[in-house]
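A.B. asks: Sequence first, predicted coordinates after that:
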Amino acid sequence: MKKLFSVVLIFSLLFATPVLAAPTVELNGKPLAFVEAEPTIENGRTLVPLRAIFEAVGATVDWDQDTQTATANKGSTKVLLSASSNIAEINGQPKILDVPAKIVNGRILAPLRFVGEAFGGIVEWSPEAELISITFLQDQVHVHFIDVGQADSIYISLPDNNDILIDAGGKKAGPKVVEYLKKQNVDDIELMIATHPHEDHIGGIPAVLEAYQVKTIIDSGHLTNTATSRNYSEAVASEGAVHNQADYQSFYFGDIEFKVLTGNNKWNNVNDYSVVTLLDIGNIRFLFMGDAEKAVEDKLYDVSAEILKVGHHGSSTSTSPDFLDRVTPNVAVISVGEGNSYGHPSPSVIKRLEDSNISIYRTDIHGDIVVSTDGCSYDISCHTAE
Ligand SMILES: [Zn+2]
């Protein structure tokens with residue numbers, strides 16, 4: 001009897017004191033594990049290990065032991081959070097906290113909602129599920145179709161300072177491309193695609209390699225016996241970048257995939273050696289055709305895309321009706337020089353695009369064309385030279 005009484009007493013003691021279970025924390029739908037210490041709830045606010053949560057949201061963090069202050073940086077956002085104060089700072093602006101960061105058993109715990117929201121996350125609490133979810137909408141991606149005349153150069157700005165350049169225009173356009181990248185605060189170039197060895201695509205690359213450190217260069221592996229080709233090869237050799245031939249590989253930048261759709265094939269025509277690539281961000285896809293013509297189009301699959309960089313400056317040898325039916329773009333961008341001697345873009349291609357109700361943007365008319373997207377929707381802005 002006595003034993004039963006003790007058991008009952010223990011149970012009543014357990015239930016008399018409300019024990020709050022540690023809530024589950026999810027970031028973009030994936031559970032976060034806190035190894036150093038469990039999340040705890042204080043005054044209705046969840047506190048979690050400081051370094052773990054800052055790093056989980058993609059910030060770098062420094063802890064100053066003397067001032068007991070964490071400094072966290074992500075992109076252009078800087079957050080100061082002190083263990084001894086209920087005033088935090090976001091980009092120099094003070095912010096009053098309901099519950100300050102605190103030290104528990106030698107561990108620094110930070111208010112979860114504040115950290116999530118400070119870096120632009122959406123923080124939601126589901127009491128039934130005891131779940132806190134932090135959601136970061138994908139950062140913006142900007143695809144710049146630079147006006148380089150009768151030539152191609154496309155700069156892609158990705159989150160976390162990742163930069164891709166597809167072609168760099170002709171030799172004369174090289175300095176303009178470099179100047180354009182400088183204006184966009186490009187620090188270095190993670191990935192460069194040299195679509196094919198024609199002057200209007202690779203002529204400007206030596207100038208870019210001179211100005212920027214490029215980490216990886218992908219080309220078709222097909223060279224021509226021209227001064228342009230030789231200058232390109234020498235510049236690439238002295239860059240010290242990883243240099244590979246297109247072979248259907250993918251590059252990942254967070255959730256964003258940049259896919260090379262072509263590989264080591266033999267073609268009759270230099271244009272068809274173009275490295276064709278696809279940028280996939282959320283629900284929005286961009287297809288970059290270089291100067292690839294119908295023979296290549298017929299061999300590509302899984303090409304549906306919202307934005308099509310039309311092949312070969314709008315020449316009638318590209319953008320076949322069957323291909324267009326498979327891409328079903330909303331927007332076609334044509335990189336083309338005003339009054340060029342090739343008659344690009346071809347009236348038949350323009351008509352085909354118009355008949356399919358595809359919005360047409362042309363560098364000869366609209367100047368630099370910038371498509372910005374968060375992976376859900378996109379908008380387009382144009383900048384003509386003054
Ligand atoms: Zn071209």
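C.D. replies: Arrived safely. Residues are numbered from 1 along each chain as shown.
A.B. asks: drop to CA atoms for contacts and neighbour counts, all remaining ones
C.D. replies: OK.
A.B. asks: So which residues of the stretch 201-350 of the chain form strands?
C.D. replies: Ranges of strands in the stretch 201-350 of the chain, per DSSP state E, counting those that start in this stretch, are 214-219, 242-245, 250-253, 256-260, 277-281, 284-288, 307-309, 331-334.
A.B. asks: What is the shortest one packed up against?
C.D. replies: What that stands for is strand 307-309. Applying 3 or more CA pairs under 8 Å, 6 or more residues apart in numbering; DSSP states H and E, we find strand 307-309 packed against strand 284-288, strand 331-334.
A.B. asks: The shortest one pairs with which strands, and in what direction?
C.D. replies: Right, the one you point to is strand 331-334. strand 307-309 (parallel), strand 359-362 (parallel) (DSSP bridges).
A.B. asks: So which of those strands is nearest Asp291?
C.D. replies: Shortest distance between Asp291 and the strands paired with strand 331-334, using CA to CA, is found for strand 307-309: 9.8 Å.
A.B. asks: Run through the bridge partners of the residue most central in space within the chain.
C.D. replies: The chain has Leu158 as the residue nearest its centroid, 3.0 Å off, counting by CA atoms, centre = their mean. For Leu158, the beta-bridge partners under DSSP bridges are Asn162.
A.B. asks: wait, isn't it in contact with Val141?
C.D. replies: Yes: using CA atoms under 8 Å, Leu158 is in contact with Val141, at 5.0 Å.
A.B. asks: Now do the shared contacts for those two.
C.D. replies: Common neighbours of Leu158 and Val141, counting by CA atoms under 8 Å, 6 or more residues apart in numbering, are absent.
A.B. asks: possible to save the helices and strands packed on strand 307-309 as JSON lines with mean neighbour count and mean pLDDT?
C.D. replies: Compiled in JSON lines, these are given as follows (neighbours: other CA atoms under 10 Å; pLDDT from 0 to 100):
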{"stretch": "strand 284-288", "mean neighbour count": "22", "mean pLDDT": "96"}
{"stretch": "strand 331-334", "mean neighbour count": "23", "mean pLDDT": "98"}
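A.B. asks: For Val79, give its distance to Ala88.
C.D. replies: As judged by CA to CA, to the nearest Å, Val79 and Ala88 stand 7 Å apart.
A.B. asks: any idea how this protein splits into domains?
C.D. replies: Following automatic domain parsing, one finds the domains of the chain at 18-135, 141-383.
A.B. asks: quick one, helices of the stretch 201-350 of the chain?
C.D. replies: 205-211, 227-239, 294-297, 321-327, 347-355 (DSSP state H, counting those that start in this stretch).
A.B. asks: Ok, which of those comes nearest Ile132?
C.D. replies: helix 321-327 (39.8 Å).
A.B. asks: so how far is that closest one from its chain's centroid?
C.D. replies: Computed by CA atoms, centre = their mean, to the nearest Å, the separation of helix 321-327 from the middle of its chain amounts to 27 Å.
A.B. asks: again, but for stretch 135-144
C.D. replies: Distance, centroid of stretch 135-144 to centroid of chain: 6 Å (CA atoms, centre = their mean).
A.B. asks: What residues of that stretch count as buried?
C.D. replies: For stretch 135-144, the neighbour count (16 or more other CA atoms under 10 Å) marks Thr135, Phe136, Gln138, Val141, His142, Val143, His144 as buried.
A.B. asks: now what about it, what contacts it?
C.D. replies: So stretch 135-144 is contacted by 27-29, 120-123, 154-159, 368-375 (CA under 8 Å, 6+ apart).
A.B. asks: 6 Å instead?
C.D. replies: 27-28, 121-122, 154-159, 369-374 (CA atoms under 6 Å, 6 or more residues apart in numbering).
A.B. asks: just stretch 276-286 next, same as before
C.D. replies: By CA under 6 Å, 6+ apart, stretch 276-286 touches 256-262, 287-289, 305-308, 375-376.
A.B. asks: so what's Glu89 bridging to?
C.D. replies: Note on Glu89: beta-bridge partners by DSSP bridges are Leu80, Pro94.
A.B. asks: got it, and Ile380?
C.D. replies: Val371.
A.B. asks: I'd assumed Glu117 was in a helix, is it?
C.D. replies: Yes: with DSSP: H, G, I helix; E, B strand; the rest coil as the criterion, Glu117 is located in a helix.
A.B. asks: That one: how many residues sit nearby?
C.D. replies: 14 (other CA atoms under 10 Å).
A.B. asks: before we move on, the earlier item: comparing the domains of the chain, which comes out most buried?
C.D. replies: Of all the domains of the chain, domain 141-383 carries the top mean neighbour count, a mean of 19, counting by mean count of other CA atoms under 10 Å.
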